[in-house]
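[1] structural data only, the sequence is not supplied:
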């Protein structure tokens, strides 16, 4: 930390190939990772100790530094109305913490346990301030370390990305899809049990802090995340290879991102009315592709030779008709054509013929009784 403070107080700008500054930057990246691990260990210690006093607090406040500040502010107080958490947490979380503290089953901590817990909180806050100094130093040197990446995402975000990835070379080897996860937090942070329906998006990451994302409409931020992640990796790889030290490559990448986002915000072109076809050529808009299929279809529906003769009438000669004397359907030149002759109608045979069997008919005066010669002799 003394080397970082000395470098911050020094006005000397680093030069290309300055091994002293290169080693210091590498040490700063390693130091930031060690600080993160130390804060995590201290947070677990504070949480285990303060769980006896306020067990529900760890589920309401997830961030380690915010948790340490709230624990230091509450201390061993049992009446939350006397504790002012304004400025430490959002107003919605403050309300939930106050209501939960009034119904908690925790008990006051012993004095020795409380003293150790508060010391751990002070240590976590001091380590966090040291981490900010390291990030400030790296940020102040971003124009030399990563000029292209700084031009795309800004110096502050570039310093956080390099520190989280463990160096510029490590950041250059990260896939573009994974850079969106650097600095991301759980979606349940600081929600205090409220609905998470509006938080199912990429949020809390370092890329979200850039000016490009903040100026993009929420409906287009998903596309902006992808564009910015891809171009950031390209800029980091250019800086890692020391290809362009002026930062013009990063400026051109940022211009491409802004141009594409502006293109996404444009309204779709209005639907133009379709003009009517030219009435001079009626077949101009009825064109169909040719081929064997089209020729077969035309042959299937073409007019027959018989119908052509029916449609023709010879001048000065009466045509034959179905009823004669020009009545009924006319046959045109069908009967006058050579080799065709008159139209012969085929008689359809009936399937069931009517029965011609004759039956004997009797008069109404006749009787059904029959008399023989023997009957007449007996009667006489």
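    Structure's in. What do you need? Predicted, not measured: the structure shown is a model, and the values here were computed from it.

[2] hang on, isn't residue 211 packed against residue 155?
    No: between residue 211 and residue 155 there is no contact under C-beta atoms under 8 Å: 11.6 Å. Heads up, the C-betas are built off the backbone N, CA and C, glycines and all.

[3] more neighbours, these two?
    Neighbours were counted for residue 211 and for residue 155 using other C-beta atoms under 10 Å; residue 155 has more, 19 against 11.

[4] report the contact partners of the more buried one.
    139-140, 142-143 (C-beta atoms under 8 Å, 6 or more residues apart in numbering).

[5] try residue 89
    Shown in contact with residue 89 (C-beta under 8 Å, 6+ apart): 61, 66, 70, 97, 190.

[6] against residue 120, how distant is it?
    20 Å (C-beta to C-beta, to the nearest Å).

[7] need the helices for the stretch 201-350 of the chain, in chain order.
    Under the criterion DSSP state H, counting those that start in this stretch, the stretch 201-350 of the chain carries helices at the ranges 211-214, 221-240, 248-264, 292-300, 305-310.

[8] among these, which is the most enclosed?
    Neighbour counts (mean count of other C-beta atoms under 10 Å) averaged over each of these peak at helix 221-240, with a mean of 21.

[9] picking up where we left off before, which one of the helices of the stretch 201-350 of the chain lies closest to residue 46?
    helix 211-214 (33.0 Å; C-beta to C-beta).

[10] nearest spatial neighbour of residue 180, skipping sequence neighbours?
    Among residues not flanking residue 180 along the chain, residue 229 sits closest, at 5.2 Å (C-beta to C-beta, 6 or more residues apart in numbering).

[11] what of residue 322?
    Residue 322 sits nearest to residue 328 (C-beta to C-beta, 6+ apart), 3.5 Å away.

[12] I'd guessed the one you found sits against residue 320; true?
    No: contact criterion C-beta under 8 Å: residue 328 and residue 320 do not qualify, at 9.7 Å.

[13] so which of these two has more stuff around it?
    Counted by other C-beta under 10 Å, residue 328 and residue 320 do not tie: residue 320 has more neighbours, with 18 against 11.

[14] could I get the phi/psi values of that one?
    With angles defined as degrees, to the nearest 10, residue 320 sits at phi -80, psi 150.

[15] residues contacting it?
    330-331, 334-335, 342.

[16] separation between it and residue 336?
    Residue 320 is 9 Å from residue 336, by C-beta to C-beta.

[17] and for residue 167?
    104 Å.

[18] output the below-cut-off pLDDT ranges for the stretch 101-250 of the chain.
    185-204 (pLDDT under 70).

[19] repeat that with 50
    The model of the stretch 101-250 of the chain has pLDDT under 50 over residues 188-191, 196-202.

[20] in this structure, which residue is closest to the centre?
    Among the residues of the chain, the one closest to the centroid is residue 222, at 8.4 Å (C-alpha atoms, centre = their mean).

[21] any figure for the gap between it and residue 208?
    Residue 222 sits 12 Å away from residue 208, taking C-beta to C-beta as the criterion.
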